[in-house]
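Undergrad: predicted structure and sequence below. I'll ask about it afterward.
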Amino acid sequence: MSHKLDLTDLDRDAATSLTAQLVERFRDAIDRGELGPGEKLPTTRALAEEVGVNHLTAVRAYRRLAEEGYVTATVGRGTFVRRVPPPAAADGPGDVSWQAAVLPEAPPSYPNQVLAQSLRLPVDPDAISFAHGWPDPALYPVADLAAATREVFDELGADTLTYSEPAGVPELRELIAARGREAHFASEPEEIVVTSGARQGLDLVGRALVSPGDVVAVESPTFMGTLTSLQRTGARVVGVPVDEDGLDVAALERLLARHEVKLVALQSSSHNPTGADLSDQRRERLLALARERSFFVLDDGVYATVRYTGGERPRLRAAAPGHVIYVDSLSKTVAGGLRLGWLAAAGPARQRLLDEKLAADMHTSTLVQHVVARYLAAGHHEALLAATNPIYRERRDALLESLRRRLGDEVEVAEPRGGHHLWLRLRPEVDERLLVAECLRHGVGAIPGAAMTAEPLGQAHLRLSFSMVPLERLDEGVRRIAVALRAVRRAQRQGLVAVS
Ligand SMILES: Cc1ncc(COP(=O)(O)O)c(C=O)c1O
């Protein structure tokens with residue numbers, strides 16, 4: 001309750017209704033500045049209780065204040081005194097200070113901040129970045145893509161530059177569906193929607209299938225973008241642990257016993273960041289639960305073809321095509337800058353996703369879709385995977401070996417079955433954010449575990465991505481991490497910093 005405002009003396013015998021009296025009091029307090037812009041008002045329940053009125057009276061009073069422009073309400077956050085924009089142009093025509101008052105609230109997202117930082121390219125040529133799980137640019141199929149681009153322009157001319165269908169260019173969807181039949185994520189081109197990277201697929205799923213206040217379960221840790229997209233829907237995003245067999249389905253069942261879950265987001269193979277696969281037993285149980293409890297499963301397969309142990313695994317979707325939405329892209333195998341991804345879905349959900357795609361950007365670049373269709377049709381992608389997987393495996397092994405040699409028991413790390421990352425647990429505890437900052441001072445980049453979890457794990461983790469670091473630089477990178485770790489531990493021992 002705002003204690004600046006005494007509402008206990010409403011006149012219950014007056015001709016004016018209690019709702020009108022409440023509105024009047026709040027309006028006066030806001031006009032007089034006793035309640036300032038952005039100030040949070042009590043919940044309707046707290047207000048009703050404190051004033052001794054019916055809950056509906058409190059709801060009606062806030063609704064009227066909102067209609068009159070005195071307050072704004074955001075689902076899940078509460079009711080706030082509206083911010084009044086200060087006069088513009090205080091500092092001339094370029095003044096932007098007034099924007100802060102009118103822009104919608106955007107709660108800072110640590111995962112998004114870390115993702116944005118990791119996208120800034122390193123400027124120091126001596127720096128070693130373990131922050132990006134992208135393909136190594138030295139392995140991009142530049143010649144194949146350049147040849148495909150020339151062919152497309154020669155054969156299709158102006159058609160390569162025209163607007164095209166929101167779902168994607170038909171030839172490309174045919175090729176993706178053919179790949180989907182082998183990998184079990186789709187059977188018909190009608191199920192496919194081409195997206196601008198898998199990141200857009202994740203975002204469309206959040207927009208199309210999730211409402212504010214829904215409960216969404218997500219692997220924790222997971223990709224920063226998955227967390228951001230789902231958190232932005234206004235849903236309650238609950239983390240479910242991941243172990244060497246992937247998502248802990250027993251933990252999910254405990255969550256399902258307490259909540260109606262709308263969506264479960266996971267990566268069923270080559271998980272980012274642990275490199276784990278969901279075991280067969282867990283796959284079956286998860287899909288049985290999805291059918292029993294009617295929730296959607298979002299299976300993200302961007303690393304599913306980057307394999308070191310056990311070959312490529314069938315995706316979840318074929319076993320439950322109405323429940324599973326599959327998201328994928330060429331970003332982790334060919335090149336992220338193409339921004340070429342796709343999703344596979346069926347039923348009304350697929351239509352909703354397509355509507356969101358149209359609303360977001362109409363369609364993915366026609367030119368890029370045609371180029372990629374040529375590239376895939378020529379069989380280049382399989383050849384690329386056959387050539388690059390052994391190179392990444394060698395880097396994975398070298399990094400594991402170096403970590404064990406230089407850090408021994410100080411790190412716990414599982415051998416990834418696929419993907420581009422190692423997930424390290426540091427022992428004894430250390431402040432991972434300080435460690436990442438110290439690593440940067442020593443010219444080495446890494447991602448702090450807290451950026452990848454829905455809730456704090458209470459343990460120190462780092463993600464190290466090895467795909468872009470040349471073999472001969474991996475050990476030097478680990479040496480720098482070890483030096484940074486010693487420095488942070490020393491500072492902690494001396495009481496200069498506290499473990500968070
Ligand atoms: C698990 C996962 N999903 C999706 C994405 C986004 O992929 P894209 O670059 O295709 O948007 C990433 C990128 O890092 C990722 O790691």
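TA: Looks like it came in fine.
Undergrad: from now on I want contacts and neighbour counts done on CA atoms only, so please keep to that.
TA: Fine.
Undergrad: where exactly do the helices run in the stretch 401-500 of the chain?
TA: 432-441, 471-493 (DSSP state H, counting those that start in this stretch).
Undergrad: now for the host helix or strand of Leu47, which elements pack on it?
TA: Using DSSP states H and E, Leu47 falls within helix 44-51. Judged by 3 or more C-alpha pairs under 8 Å, 6 or more residues apart in numbering; DSSP states H and E, the packing partners of helix 44-51 are helix 55-67.
Undergrad: packing partners of the helix it packs on?
TA: Judged by 3+ C-alpha pairs under 8 Å, 6+ apart, helix 55-67 is in contact with helix 18-31, helix 44-51, strand 71-74.
Undergrad: and these, which one averages the lowest pLDDT?
TA: Mean pLDDT per stretch puts strand 71-74 lowest among these, at a mean of 87.
Undergrad: which residues belonging to that one are considered buried?
TA: Neighbour-count burial for strand 71-74, counted by 16 or more other C-alpha atoms under 10 Å, picks out 71-73.
Undergrad: can you list the residues that contact it?
TA: Applying C-alpha atoms under 8 Å, 6 or more residues apart in numbering, the contact partners of strand 71-74 are 62, 65-66, 79-82.
Undergrad: pLDDT check: weakest of the residues you listed?
TA: Ranking the contacts of strand 71-74 by pLDDT, Arg82 lands last with 87.
Undergrad: quick check on that one: phi, psi?
TA: phi -60, psi 140 (degrees, to the nearest 10).
Undergrad: so how far is the ligand from the nearest residue to it once chain neighbours are set aside?
TA: Leaving aside its chain neighbours, Arg82 sits nearest to Val71 (4.6 Å; criterion: C-alpha to C-alpha, 6 or more residues apart in numbering). Distance of Val71 to the ligand, given as C-alpha to the nearest ligand atom, to the nearest Å: 38 Å.
Undergrad: which bits of the protein sit near the ligand?
TA: 197-199, 223, 272, 300, 302, 329, 331, 336, 341 (C-alpha under 6 Å from any ligand atom).
Undergrad: need those residues in TSV with neighbour count, secondary structure and pLDDT, can you?
TA: As requested, the residues of the chain next to the ligand are exported to TSV (neighbours: other C-alpha atoms under 10 Å; DSSP: H, G, I helix; E, B strand; the rest coil; pLDDT from 0 to 100):
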residue	neighbour count	secondary structure	pLDDT
Gly197	23	helix	98
Ala198	27	helix	98
Arg199	22	helix	98
Phe223	21	coil	96
Asn272	29	coil	98
Asp300	29	strand	98
Val302	25	coil	98
Ser329	26	strand	98
Ser331	21	coil	98
Gly336	19	helix	97
Gly341	24	strand	98
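Undergrad: which of those sit farthest apart?
TA: Asn272 and Gly341 (17.1 Å; C-alpha to C-alpha).
Undergrad: in what helix or strand does the closest residue to Ser187 other than its chain neighbours lie?
TA: Excluding the flanking residues, the one nearest Ser187 by C-alpha to C-alpha, 6+ apart is Arg181, at 5.1 Å. In the assignment (DSSP H and E), Arg181 maps to helix 170-183.
Undergrad: what's downstream of that helix, the next helix or strand?
TA: According to DSSP H and E, the helix or strand after helix 170-183 is strand 192-195.
Undergrad: centre of the chain to that following strand, how far?
TA: Chain-centre distance of strand 192-195: 18 Å, with C-alpha atoms, centre = their mean, to the nearest Å.
Undergrad: give me the buried positions along the helix holding Arg181.
TA: 170-178, 180, 183.
Undergrad: same deal with stretch 350-366?
TA: Buried positions in stretch 350-366, judged by neighbour count with 16+ other C-alpha under 10 Å: 350-357, 362-366.
Undergrad: ok, the residues you listed vs Arg150, which is closest?
TA: Nearest to Arg150 among the buried residues of stretch 350-366, with distances taken as C-alpha to C-alpha, is Thr366, at 14.5 Å.
Undergrad: what sits against that closest one?
TA: Counting by C-alpha under 8 Å, 6+ apart, the residues that Thr366 touches are 160-164, 168-169.
Undergrad: Thr233 against Gly206, yeah?
TA: Yes: the pair Thr233 and Gly206 passes the contact test of C-alpha atoms under 8 Å, sitting 6.1 Å apart.
Undergrad: these two: which has the busier surroundings?
TA: Gly206 (25 against 20; other C-alpha atoms under 10 Å).
Undergrad: residue ranges with poor pLDDT in the protein?
TA: In the predicted model of the chain, residues 1-3, 85-91, 107, 118-123, 497-500 satisfy pLDDT under 70.
Undergrad: in helices, which of the contacts of Thr366 fall?
TA: Counting by DSSP state H, no part of these is found in helices.
Undergrad: make CSV from those and add neighbour count to it.
TA: Below are these laid out as CSV (neighbours: other C-alpha atoms under 10 Å):
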residue, neighbour count
Thr160, 20
Leu161, 14
Thr162, 10
Tyr163, 14
Ser164, 18
Gly168, 22
Val169, 22
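Undergrad: from these, pick the one nearest Val478.
TA: Using C-alpha to C-alpha, the contacts of Thr366 come closest to Val478 at Gly168, 43.1 Å.
Undergrad: and the closest residue to that closest one other than its chain neighbours, how far is that from Leu353?
TA: Leaving aside its sequence neighbours, Gly168 sits nearest to Val194 (C-alpha to C-alpha, 6+ apart; 4.9 Å). The gap separating Val194 from Leu353 is 11 Å, by C-alpha to C-alpha, to the nearest Å.
Undergrad: could you do Glu455 as well?
TA: Distance from Glu455 to Leu353, by C-alpha to C-alpha: 28 Å.
Undergrad: and for Leu286?
TA: Leu286 is 23 Å from Leu353, by C-alpha to C-alpha.
Undergrad: same deal with Gly418?
TA: 29 Å.
Undergrad: surely Gln267 meets Gly301?
TA: Yes: applying C-alpha under 8 Å as the test, Gln267 and Gly301 come out as touching, 6.0 Å apart.
Undergrad: between these two, which has more neighbouring residues?
TA: Neighbours were counted for Gln267 and for Gly301 using other C-alpha under 10 Å; Gln267 has more, 30 against 24.
Undergrad: tell me the phi and psi of that one?
TA: According to degrees, to the nearest 10, Gln267 has phi -120, psi 110.
Undergrad: okay, and the beta partners of the closest residue in space to it that isn't next to it in sequence?
TA: Sequence neighbours aside, Asp300 is the residue nearest to Gln267 in space, at 4.7 Å (criterion: C-alpha to C-alpha, 6+ apart). With DSSP bridges applied, Asp300 shows beta-bridge pairing to Val327.
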